[in-house]
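Trainee: Show me how the following folds:
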Amino acid sequence: MRYYIITGEPSGDMHAANLVSELKSLDDNSIIRAWGGKRLVSEGVEISKDIKDISFMGLWSVIINIGVIKSNIEYCKKDLLAFKADALILVDYPGFNLKIAEFAKKNGIKVFYYISPKVWAWNKSRIYKIKKYVDYLLVIFPFEVEFYKDHGVEVTYVGNPLLDEIKKNNISFSYKESKPVIALLPGSRKQEVDKILPLMLSVVDDFPEYNFVIAGNKNFDKDYYTKFIRNDNVSLVYDQTYGLLKNSKYALVTSGTATLEAALFKVPQVVCYKTNWLTYIIGKLLIKINYLSLVNILLNHLVVKELIQLELTKENLRLEIDSMIKNQEDIISDYNKIINLLDKKGASKNAAKFILCN
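Mentor: Alright, predicted model coming up:
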């Protein structure tokens, strides 16, 4: 079969690459073209567009690049038809991918959506487009099955592909720790890092028995992070987030997928989030969920403390780190429940088998 895959960020590139590995093992005649990055390249996939050229982060970046985005959409449509795909596989990246799903559907190309847009959190209007233009929706969280069923959409739960990546155990960590490590994962958006990282670092002197290690994002150079650091026992590593989590005792994590990754590595955490007030108010109006972190959403109760906006202060963070340390066994017990929920013995393989059978 001829597969055309579209992803738009590094996490999607990772999951798409693991999916491609399984597709190739099951389909000797597979021919694959994709929008992706270095992980898909490592699987021998022909790349149509590199994600570094199509990833626009934040509303302002989208606005000033709107012409480029429209041009990319038109290029993708032409490239998809020229490739003569049997199947289109969309991986997350909903703003772009739902537009291509509509085009593919109208042109008789079978549409698979792997890793659903988070419509259960916000922008439920996308459900209509998914229902109309997506032939098969493969989801990675068990609660999404019931959510979509309530909205008249049949989905298939394949398990969570983060577990596939972690189980490969292809993890490096160059930092040599002399004390137990508290990992700092301040996120990838500058406006969030600017507000969150200084608060994370404000508690360093209160916990001298630990080393604090920042998971650096390649979007920012070393000088950017260094300007925040005022303590001796703070270090910085790049492209080693999994290695850092594997070797950490605790973590302070900006909300997002990283909260789930910390849970899968069984690292007790405090979730931190702070942004500018306009973004926060808009988010409060749009996001209709009880919790911000995936860890708490999955079990529908407070597993890890969330310090959001005004609650994220030095004093509150210090208190919650103490509480986390005290209650770490309960946290890890809940993490084990999450792992059992998400582990379907190979999400990537399950997804590949489903695609081949449909």
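Trainee: neighbouring contacts of stretch 296-310?
Mentor: Stretch 296-310 is contacted from outside by 141-143, 255, 259-260, 263, 268-275, 280, 289-293, 295, 313, 316-317, 320, 323-324, 331, 334-335, 337-338, 341-342, using Cβ atoms under 8 Å, 6 or more residues apart in numbering. Where you see a C-beta, it was placed from the backbone N, CA and C, and this is true even at glycine.
Trainee: and residue 153, what does it touch?
Mentor: 127, 130, 131, 137.
Trainee: So which of these are in strands?
Mentor: The strands, defined by DSSP state E, take in residue 137 from those.
Trainee: Let me have the contacts of residue 153 in JSON lines, extended by pLDDT, neighbour count and distance to residue 355.
Mentor: Formatted as JSON lines, these follow (pLDDT from 0 to 100; neighbours: other Cβ atoms under 10 Å; distance: Cβ to Cβ, whole Å):
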{"residue": "127", "pLDDT": "95", "neighbour count": "18", "distance to residue 355": "22"}
{"residue": "130", "pLDDT": "96", "neighbour count": "21", "distance to residue 355": "17"}
{"residue": "131", "pLDDT": "95", "neighbour count": "14", "distance to residue 355": "19"}
{"residue": "137", "pLDDT": "97", "neighbour count": "21", "distance to residue 355": "12"}
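Trainee: Pull the most distant pair out of the contacts of residue 153.
Mentor: Largest separation among those by Cβ to Cβ: 127 and 137, giving 10.3 Å.
Trainee: Give me the residue at the spatial middle of the chain.
Mentor: residue 257 (4.2 Å; Cα atoms, centre = their mean).
Trainee: Can you tell me how far it is from residue 152?
Mentor: Using Cβ to Cβ, to the nearest Å, we find residue 257 at a distance of 28 Å from residue 152.
Trainee: next one: residue 348
Mentor: Distance from residue 348 to residue 152, by Cβ to Cβ: 28 Å.
Trainee: who's more crowded, the two?
Mentor: Using other Cβ atoms under 10 Å as the criterion, residue 348 and residue 152 rank with residue 348 on top: 23 against 8.
Trainee: helix or strand for the more buried one, which one?
Mentor: Using DSSP states H and E, the element containing residue 348 is helix 347-357.
Trainee: ok, residues contacting that helix?
Mentor: Contact with helix 347-357 is made by 1, 3, 15, 18-19, 21-23, 25-27, 87, 89, 112, 114, 136, 138, 140, 156, 158-161, 163-164, 344, as judged by Cβ under 8 Å, 6+ apart.
Trainee: which residues sit in contact with residue 125?
Mentor: Taking Cβ under 8 Å, 6+ apart as the definition, residue 125 has no contacts.
Trainee: Any stretches of this protein with poor pLDDT?
Mentor: Where the chain drops to pLDDT under 70, the residues are 56-62.
Trainee: Drop anything exposed from the contacts of stretch 296-310.
Mentor: Using 16 or more other Cβ atoms under 10 Å as the burial test, the contacts of stretch 296-310 include 141, 255, 259-260, 263, 268-275, 291-293, 295, 316-317, 320, 324, 331, 334-335, 338, 342 as buried.
Trainee: Which ones among those residues lie within strands?
Mentor: Of the positions in those, 269, 270, 271, 272, 273 sit in strands, assigned by DSSP E.
Trainee: Among these, find me the one that's closest to residue 52.
Mentor: residue 273 (26.4 Å).
Trainee: I'd say the closest one and residue 284 touch.
Mentor: No - using Cβ atoms under 8 Å, residue 273 is not in contact with residue 284; the gap is 11.8 Å.
Trainee: Pretty sure residue 89 sits in a strand.
Mentor: Yes - when DSSP: H, G, I helix; E, B strand; the rest coil is applied, residue 89 is found to be in a strand.
Trainee: Tell me who's in contact with residue 75.
Mentor: residue 49.
Trainee: element containing it?
Mentor: Here residue 75 is assigned to helix 66-83, by DSSP H and E.
Trainee: can I get the CA coordinates of that helix in PDB?
Mentor: Taking only C-alpha atoms (Å, rounded to 0.1, in the frame of the first residue of the first chain), the coordinates of helix 66-83 have been written out as PDB:
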ATOM      1  CA  ILE A  66      -0.600  32.700   7.600                       C
ATOM      2  CA  GLY A  67       0.500  33.100   4.000                       C
ATOM      3  CA  VAL A  68       3.100  30.300   4.400                       C
ATOM      4  CA  ILE A  69       0.500  28.000   6.100                       C
ATOM      5  CA  LYS A  70      -2.000  28.500   3.300                       C
ATOM      6  CA  SER A  71       0.800  27.800   0.700                       C
ATOM      7  CA  ASN A  72       1.700  24.600   2.600                       C
ATOM      8  CA  ILE A  73      -1.900  23.400   2.600                       C
ATOM      9  CA  GLU A  74      -2.100  23.900  -1.200                       C
ATOM     10  CA  TYR A  75       1.200  22.200  -1.700                       C
ATOM     11  CA  CYS A  76       0.100  19.200   0.500                       C
ATOM     12  CA  LYS A  77      -3.100  18.800  -1.500                       C
ATOM     13  CA  LYS A  78      -1.200  18.600  -4.800                       C
ATOM     14  CA  ASP A  79       1.500  16.400  -3.400                       C
ATOM     15  CA  LEU A  80      -1.000  14.000  -1.900                       C
ATOM     16  CA  LEU A  81      -2.800  13.500  -5.200                       C
ATOM     17  CA  ALA A  82       0.500  13.200  -7.100                       C
ATOM     18  CA  PHE A  83       1.700  10.500  -4.700                       C
END
